[in-house]
Every structure is written in structure tokens, then in C-alpha cells.
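In: give the three-dimensional model of this entry:
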Amino acid sequence: MRLKTLLLFFLFLSISGATLAQSSAELKRRKAKLSREIESLKKQQNKIVGTKRLTLKQIDALNAQIRLREEKINTINSEVRLLDNQIEEKTSTVNSLKSQLSKLKKDYAAMVRFAFRNQSSYGKLMFIFASESFNQAYKRLKYLQQFSKHRKKQAAYIRETQQELGMKIVELDQNKRSKSELLRSQEVEKVTLSKEKITEAAELKKLSKQEKLVKRQVDSKRKELARLNRAISAAIKKEIAAARAAAARAAAAKAAAQKAAAAKAAAANKTAPKPSATTTAKKSTSVLSSTPAMAKLSSSFLGNRGRLPWPVQGTVVSRFGPSKNKNVSVTNTGIDIRTSAGASVKAVFSGEVRLVTDVGGLVVLIRHGEYFTAYSNLRSANVSVGQEVTTGQNIGSVKTDSDGTNLHFEIWKNTSPVNPEGWLNR
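Out: Next up is the predicted model:
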């Protein structure tokens, strides 16, 4: 029973250790990714600052850098909490192993003392020859063998427990050192975050003194978004009108076929046809999903919410919805992703290209049933209207201007934009 208890105990330790190691590795990967994104933003920001030209997009990038830094600090906090749990668990394990070792040694010492006290009066041969029958002699022989074997097992358990105890003490010391390093790293990140917030405040103050410039930038951004929204809305409305016309033609053809079939049946029976019961077609949630193929595509797109691949690798510098800089508000109908120069843009889902146009940068609109994805601020496009694309297919490259390389990405359901961040794989 003691052996089973020990085996179960060690099995539990190995399983919990593997789980904690997996969580720790995931946190380390996330922290490394955040560090890379912060460094990438800093490099691009330094290039832009070198031009001595301050824009709202620079402020957006600074905000994104601060947000990533705060997320990195939160990740470090999670690592510290995880290490605290590991330290607590390993401390408990060490104490438990010490208790087990003490008990094993005590039991082993008792066996050794018993064997020593009785070795003269219970010699093996005398003990066996004193048996009343051959069967009893055999049992006594087996007993002596098992007693000796048990002592050897106990000695082996003691060695194994000592080794396990030594390993856990080493791991505990490593965890404590890792925690100290993480706490030092956390302090460095907090100091850097404070400096970045001071820099942002200074840049905002500088920008606030240039009210006319800010207004021009905001007006330009609003007009750019308005042009883009008009182009996307017009394309979607065109798709809706075409879908309605196709649905109307299909309904008319079906009604004509039913009328002809009824007339034929009435002539064959030479009786007046009975008026058929009026059936009301169920209204679809969207005319864009009225056909089986489009309904399936819409359902598949919706089913991949939160798992869609990113159109480019980068950092979100401007988020969905209204954003305010010094009382100046701009409503973003998508997200802006800062990426590397010449970055390739990939379709996030299979569909059909329904629009390729220029609104101060090329725009590609792809239909996925009742959903649409829009990729704008492109330098070039590798697809054309009517072309079928697959998930991950290269559809163009991002344009680079004085504010860096930013892809504007949107997702629409029918004629309404939705927040893309909730759809992309985190």
C-alpha cells in the first residue's frame, strides 16, 4: 500500500509539473512576442521622428507601444503568480518527501533492529528445521526470503526518495531565482513605461499647440475613412440588389412552374383546378445568404470567429470605434495594423473578390456570404473582381508612406462594420 501511495504521489507531481511547465512556456512565448512588437514599433517610430514631422498616426503608435508595455507587465505578473504557485507546491512537496523519508528510515531501522536481535535465536536453518511439516518449512523459507527482499526494497525506496527530495530542492531554488529575476525585469519595464508616458504627454502637448495642423490631419482622416466607407457600402448594396434580383427571378420561375403543373393536372382530370394554398416563404436573415452555397459560406465564416488568421504580421496601432486625442475624436470602422515595409497581405478566409478600387490607396473587398473583409492602403493588388480566393492567399502588398507601413483592415456584416479584433486569432 505504501508503494502504491508513493507511485500515485510521484505521478501527480509529474502531471502537475507538466501542466505548469506548459503554462510557463506559453507565458514566456507571449512575453517574447510582446517584446518583439515593442522593439519593432520603437524602430519605426525612431525613423518617423527623424523626419521632424508629428502626426496623429505617431501618437497612435505611441499609444500602442504603451499598451503593449502594459500588457508585457501584466504577463510578467502572471509569470510571478505562476512561480509563486510552483514555489508553494514544491515547498509542500519537499516537506512531504522529508516526512516520507523520515518514516521510511524509521521503518527500516526497526526492521534492522528486529533482525539483529533475533538473528541468534532464529537462525535460518534452525527456524526452517523446526517446522512441523514440509509445507510449513517451505512457507518459513519463503517468509525469510520475502523479509530480506522487503528490506532491500525499503533501502531502494529510501535512496529514490532522497534523490527526489534533492531534485525538488534544486527546482525550488531555481524557481526562487527566476522569481527574483522576473521582479527585477518588472521594475525595469515599469520605469520604461513611465518614461514612455512622459514622452507621450510631451508629444501630445506639442501637438496641441498645432491646432490647425491637427484639424487638417483629422479632417483628412475622416474624409479618407468616408471615401472608403462609401466605396464599401456601395459595393455591398450592389451585391444585395443583385442577390434580391436573383431571388426574385428564382421565385418567379418557381411560381410559373407551379402554375403550369397545376394547369396540366387540371386538364388531365378535366376538373377546375383548386386554388393552391398560399405559402409564405420564410424570410432569410439576409438576402446575401439566400442561396445554399452562400448560407454555408456565411456559417463557415461565423464559425471561425476568433480563429481567422491575421492579414499581415504586425501590431494594432489604431483600434475599432471612436478614439480621442486632445478632444479630437475620429471613429474608426476597422483597425490599423503597423507592419514591415513591403509586407504581403493575405486573405483571412475563402471568398470572392467583389471590389478592387483606389481611394488614396488600393482597396480589395472580398465577400464571404453575408460577410465582407476589406483590405485598404495597398500599394498593389494581385487579384481582380470575380476571382475566387482561398484562406491565406496573397492578395497584394501594403503601401508605405511618411507615417510608416499601415494596413487598414475591416470586417462588415451586411451593411454594418464590426470589430475585427474579435474575429482574428489572438
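In: can you get me the start-to-end distance on stretch 378-386?
Out: Distance across stretch 378-386, first residue to last, is 19 Å (CA to CA, to the nearest Å).
In: same thing with stretch 312-319?
Out: Across stretch 312-319, the terminal residues are separated by 15 Å (CA to CA).
In: one more: stretch 392-406?
Out: Start-to-end span of stretch 392-406 (CA to CA) is 19 Å.
In: mean confidence for stretch 369-385?
Out: Here stretch 369-385 scores 95 as its mean pLDDT.
In: likewise stretch 192-200?
Out: 77.
In: i'd like the first residue to be 668 from this point on
Out: Happy to do that; since the first residue is 668 now, the last one works out to stretch 859-867.
In: gap between it and the chain center?
Out: Its chain's C-alpha centre and that of stretch 859-867 lie 28 Å apart, by CA atoms, centre = their mean, to the nearest Å.
In: I'd like the distance from the helix or strand containing I1004 to the chain centre, please.
Out: I1004 belongs to strand 1002-1005 when elements are defined using DSSP states H and E. In terms of CA atoms, centre = their mean, the centre of strand 1002-1005 is set 18 Å apart from its chain centre.
In: which other helices and strands contact that strand?
Out: Packed against strand 1002-1005 by the contact rule (3 or more CB pairs under 8 Å, 6 or more residues apart in numbering; DSSP states H and E) you find helix 669-716, helix 723-785, strand 982-985, strand 1071-1080. Yep, even glycine has a C-beta here, placed from its N, CA and C like the rest.
In: worst average pLDDT in the ones you listed?
Out: helix 669-716 (a mean of 61).
In: still on that earlier bit, following the strand holding I1004, which helix or strand shows up next?
Out: Trace forward from strand 1002-1005 with DSSP H and E and the next one is strand 1011-1013.
In: that following strand: partners in the sheet, and parallel or antiparallel?
Out: strand 1061-1065 (antiparallel) (DSSP bridges).
In: send the alpha carbons of the partner strand over as CSV?
Out: The C-alpha coordinates for strand 1061-1065 follow below in CSV (Å, rounded to 0.1, in the frame of the first residue of the first chain):
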residue,chain,number,x,y,z
ASN,A,1061,-1.6,36.6,-51.2
ILE,A,1062,-3.8,39.5,-52.5
GLY,A,1063,-1.3,42.4,-52.6
SER,A,1064,1.2,44.4,-50.6
VAL,A,1065,0.9,47.3,-48.1
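In: what are the buried residues along that strand?
Out: 1062-1065 (16 or more other CB atoms under 10 Å).
In: could you report the separation of A923 from A917?
Out: As judged by CB to CB, to the nearest Å, A923 and A917 stand 11 Å apart.
In: and if you look at L735?
Out: Using CB to CB, L735 is found at 51 Å from A917.
In: neighbour count for the two, which is higher?
Out: Neighbours were counted for L735 and for A917 using other CB atoms under 10 Å; L735 has more, 21 against 12.
In: I figured the more buried one was touching V983, is that so?
Out: No - L735 is beyond contact range of V983, at 9.5 Å (criterion: CB atoms under 8 Å).
In: can you give me phi and psi for S1069?
Out: Main-chain dihedrals, S1069, degrees, to the nearest 10: phi -70, psi -20.
In: after the helix or strand A909 falls within, next one along is what?
Out: Taking DSSP H and E as the definition, one finds A909 inside helix 878-936. Beyond helix 878-936 in the direction of the C-terminus, DSSP H and E gives the next helix or strand as helix 959-970.
In: which other helices and strands does that next one contact?
Out: The contact analysis (3+ CB pairs under 8 Å, 6+ apart) places helix 959-970 against strand 1029-1035, strand 1038-1048.
In: which SSE is A823 in?
Out: helix 801-875.
In: in CSV: the helices and strands packed on helix 959-970, plus distance to V979 and mean neighbour count.
Out: Shown next, in CSV, are the helices and strands packed on helix 959-970 (distance: least, CB to CB, whole Å; neighbours: other CB atoms under 10 Å):
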stretch, distance to V979, mean neighbour count
strand 1029-1035, 13, 23
strand 1038-1048, 9, 22
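In: for E848, find the nearest of the ones you listed.
Out: Nearest to E848, of all the helices and strands packed on helix 959-970, is strand 1038-1048, at 41.4 Å by CB to CB.
In: so what strands line up beside whatever helix or strand comes next after that closest one?
Out: Using DSSP H and E, the helix or strand that follows strand 1038-1048 in sequence is strand 1055-1056. Strand 1055-1056 has its sheet partners listed here by DSSP bridges as strand 1018-1025 (antiparallel).
In: what residues of the partner strand count as buried?
Out: Counting neighbours by 16+ other CB under 10 Å, strand 1018-1025 gives 1018-1024 as buried.
In: can you tell me which of the residues you listed is nearest R1093?
Out: G1018 (22.3 Å).
In: and the gap between the residue nearest to E704 when sequence neighbours are not counted and E1088?
Out: Closest residue to E704 apart from its sequence neighbours, by CB to CB, 6 or more residues apart in numbering: T982 at 4.7 Å. The gap separating T982 from E1088 is 12 Å, by CB to CB.
In: who has more neighbours out of those two?
Out: Ranked by neighbour count (other CB under 10 Å), T982 and E1088 place T982 first, with 20 against 15.
In: which elements pack onto the helix holding A823?
Out: Under the contact criterion of 3+ CB pairs under 8 Å, 6+ apart, helix 801-875 touches helix 669-716, helix 723-785, helix 791-796, helix 878-936.
In: centre of the chain to that helix, how far?
Out: So, by CA atoms, centre = their mean, the centroid of helix 801-875 is 28 Å from its chain's centroid.
In: now do it against helix 878-936, angle only.
Out: If you take axes from the mean of the first three to the mean of the last three CA atoms, to 10 degrees, helix 801-875 sits at 120 degrees to helix 878-936.
In: which residues does the strand holding I1004 contact?
Out: Identification of contacts with strand 1002-1005 by CB atoms under 8 Å, 6 or more residues apart in numbering yields 707-708, 711, 724, 727-728, 731, 977-979, 981-987, 1071-1077, 1086-1088.
In: I'm done for today, thanks for sticking with me.
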